[in-house]
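Student: Next come a sequence and a model predicted from it.
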Amino acid sequence: MPPPPAVSVRDPRPGSAVDALGVAFALLVLLLLALRLLAAAGGPRVVGDAPPRFEDVMVPIATDVAFALAALAVVALRGPGVGALGLRLAGGGRAAAFGVATYVAIVPIFFLLERATRWVVERLDVQVAINPAAVLLIHAEPDPLRVAALAAAAIAFAPFAEETIFRGLIYPALRARAGVRGAMVGSAVLFATVHPAVDWVPLAAFAVALAWVYERTGSLLAPIAMHAANNALGVATLLLERHIARA
């Protein structure tokens, strides 16, 4: 489908609320990556020796949502308003539909990248952490409320929080310094590194596509919808695996 009329992503003024928040979040992600690498250097972690708990998944997502809402409050009260990030109702439905349509078009590429990455990891016999939400959705006790909460967190809350931070704040801050291509790559790399290492390559490619739909539409609702579609497909696949395993 054709995209909605583009509203350009603004380069924030240096030192503005949007710019300062984008730089701060980028530095925070780099700090978290450094801590992960230091922890990994301390010795291999045996995957699966400590099954993830419900709160291991929900607390980080809740924290991301709190950070995103706090940042939006700062932008609304001390900055140009959340509309400057592309959070606007006008044209939002069309932008969201364009995001979903883009995802449908690229999902085969994303799937092949994911399969290829996992094939390489298996051939190298490397132990890597698996997404704890995926483990819980497949293996957790059959508590419908917890399963529903995990699904809602993955499909609704995580895309909202991550797109607000990575495309709404980090991307414009990088764009003002490195241009569109540099910002797409830079924000994609940062986005990938907050996820399990086994998914870094496919998620970096996915994040470039998220930045592209944001740049193309000027609406943050486009990457949020695209991200939600990806997570919805993932949740549906995991729940199907859970049903088959328990049948």
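Tutor: On my side now, so go ahead.

Student: How much space separates the most centrally placed residue in the chain from G179?
Tutor: Centroid-nearest residue in the chain: E162, 4.7 Å away (criterion: Cα atoms, centre = their mean). E162 sits 23 Å away from G179, going by Cβ to Cβ, to the nearest Å. All C-beta atoms are positioned from the backbone trio N, CA, C, and that covers glycine.

Student: Pull out the buried residues from stretch 93-108.
Tutor: R94, A95, A96, A97, F98, G99, V100, A101, T102, Y103, I106 (16 or more other Cβ atoms under 10 Å).

Student: Spit out the contact partners of the last one.
Tutor: With contacts defined as Cβ atoms under 8 Å, 6 or more residues apart in numbering, I106 is in contact with F206, A209.

Student: Please apply the same query to the third one.
Tutor: Remark: with contacts taken as Cβ under 8 Å, 6+ apart, A96 is in contact with S219, L221, A222, I224, A225.

Student: how about low-confidence regions in this structure?
Tutor: In the predicted model, the chain carries pLDDT under 70 at residues 1-11, 42-50, 140-142, 247.

Student: And the contacts of A96, which is closest to F25?
Tutor: I224 (16.6 Å; Cβ to Cβ).

Student: tally of neighbours for the closest one?
Tutor: 28 (other Cβ atoms under 10 Å).

Student: Quick check, it in contact with F157.
Tutor: No - with contact defined as Cβ atoms under 8 Å, I224 does not count as touching F157 (10.8 Å).

Student: Report the separation between the spatially closest residue to I165 that is not a sequence neighbour and A41.
Tutor: Nearest non-adjacent residue to I165, counting by Cβ to Cβ, 6 or more residues apart in numbering: F25, 5.3 Å away. Plainly put, F25 is 25 Å away from A41 if you go by Cβ to Cβ.
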